[in-house]
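>>> Predicted model, plus sequence, below.
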Amino acid sequence: MRYGVPQDENTPAYVISVAAEMAEMHPQTLRHYDKMGLVSPSRSGRQRLYSLRDIALARYVAALVKEGVNHEGIKRIIALNQEVGELKNQLALVTERLNDFEHKDRNTKLAVYRPRR
């Protein structure tokens, strides 16, 4: 970390009081989400440390609770969102490899079809 600011959204940097303020909820709500397994902050000793991603997830969970989604439904939604993210990453890798192959194939065809002088 530089100047107390996390380098990325996954860096655990915020104690529960700060994270709760950022998430616009009571610290006890964050503890409850942790106990339910919905938001899992990192730990340093007995202290919970939240990343920006954890805080965003806590806000998302709160929105789902407000909509009336139960605990198991929230867990399922979170799992499906993670799966979609992983599939998007895999698709991006496959697309990149396909583009590489098409580029190499195009170069190979140019080399084969170019008449020699």
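Nice, I can see it. In this text, all values refer to a predicted model and were calculated from it rather than measured experimentally. Numbers count the residues shown, from 1 in each chain.
>>> Can you show me the strands along the protein?
Secondary structure of the chain, counting by DSSP state E: strands at 14-15, 42-44, 47-50.
>>> Return the list of helices and strands in contact with the last one.
Strand 47-50 is packed against strand 14-15, helix 16-23, helix 27-36, strand 42-44, with contacts defined by 3 or more CB pairs under 8 Å, 6 or more residues apart in numbering; DSSP states H and E. All C-beta atoms are positioned from the backbone trio N, CA, C, and that covers glycine.
>>> so which of the strands of the chain gets nearest residue 81?
strand 47-50 (18.4 Å; CB to CB).
>>> Tell me which residue is most central in the protein.
residue 53 (6.4 Å; CA atoms, centre = their mean).
>>> which non-adjacent residue is nearest that residue?
Nearest residue to residue 53, sequence neighbours excluded (CB to CB, 6 or more residues apart in numbering): residue 9, at 4.7 Å.
>>> ok, now residue 44?
By the measure of CB to CB, 6+ apart, the closest residue to residue 44 outside its immediate chain neighbours is residue 12, 7.8 Å from it.
>>> just checking, what packs against the lowest-mean-pLDDT helix or strand in the chain?
Between all helices and strands in the chain, the lowest mean by mean pLDDT, DSSP states H and E belongs to helix 71-113, at a mean of 89. Applying 3+ CB pairs under 8 Å, 6+ apart, we find helix 71-113 packed against helix 52-66.
>>> one more time with 6 Å
Contact partners of helix 71-113 among helices and strands, from 3 or more CB pairs under 6 Å, 6 or more residues apart in numbering; DSSP states H and E: none.
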